[in-house]
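> here is a sequence together with a model predicted from it:
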Amino acid sequence: MIALLPVVVFAAALPAAKSPEFSRIRSDSADYDRKAGVAVFEGHVSISHAGEYTMNSDSLYAVMAASNELGKVVAMGNVTVTNAARVGTCAMATYRRSRREIEMFGGDGARARLVDGGEHPGELEGDRIRFWLDVEQVEVDNVSLTTGQKGGVEPL
């Protein structure tokens with residue numbers, strides 16, 4: 001493995017029908033095993049994908065597919081996920097490119113939390129929250145839901 005210090009920028013091409021999309025990963029340090037197709041990022045990790053989502057965490061594992069394409073990301077420790085008007089916080093999160101889904105997990109007594117500040121504001125908490133980037137669908141295990149109107153959120 002090769003150690004890269006102190007600020008790492010890692011860009012991975014993601015094939016798209018119209019034009020290439022890129023993910024940019026920044027961290028304090030990283031190890032990349034090109035043969036295994038795995039990169040490990042540590043310290044102040046930030047990943048952004050083509051303006052579609054951003055994820056910040058203490059550490060991150062990136063699994064690369066053929067031709068340097070990002071296949072899966074696992075973020076751990078103080079994870080924050082931002083997607084349009086949604087902001088999620090959790091102990092661990094995964095992004096699977098093939099399914100275009102983000103899955104957030106609680107840990108150490110804390111639950112995963114997703115707040116939507118868009119047209120239909122609300123807040124979800126659960127042990128596991130899964131949502132898809134292409135559709136307005138969310139799955140939650142052991143859910144607590146708060147909904148509201150613009151300007152205020154009221155519990156159900």
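On my side now, so go ahead. Predicted model only: the values in this text are computed from it and were never measured.
> look up how far Met76 lies from the nearest residue to Glu52 once chain neighbours are set aside.
Of all residues not flanking Glu52 in the chain, Leu133 sits nearest, at 6.1 Å (C-beta to C-beta, 6 or more residues apart in numbering). Backbone N, C-alpha and C define where each C-beta goes, glycine included. Computed as C-beta to C-beta, to the nearest Å, the Leu133 to Met76 distance reads 21 Å.
> so those two - more neighbours on which side?
Each of Leu133 and Met76 has its neighbours counted (other C-beta atoms under 10 Å); Met76 has more, 18 against 15.
> could I get the contacting residues of that one?
By C-beta atoms under 8 Å, 6 or more residues apart in numbering, Met76 lies in contact with Ser57, Asp58, Ser59, Leu60, Tyr61, Ala91, Met92.
> parallel or antiparallel, which strands does the helix or strand containing the second one pair with?
Here Asp58 is covered by strand 53-64, with elements defined by DSSP states H and E. If you go by DSSP bridges, strand 53-64 pairs up with strand 38-49 (antiparallel), strand 70-83 (antiparallel).
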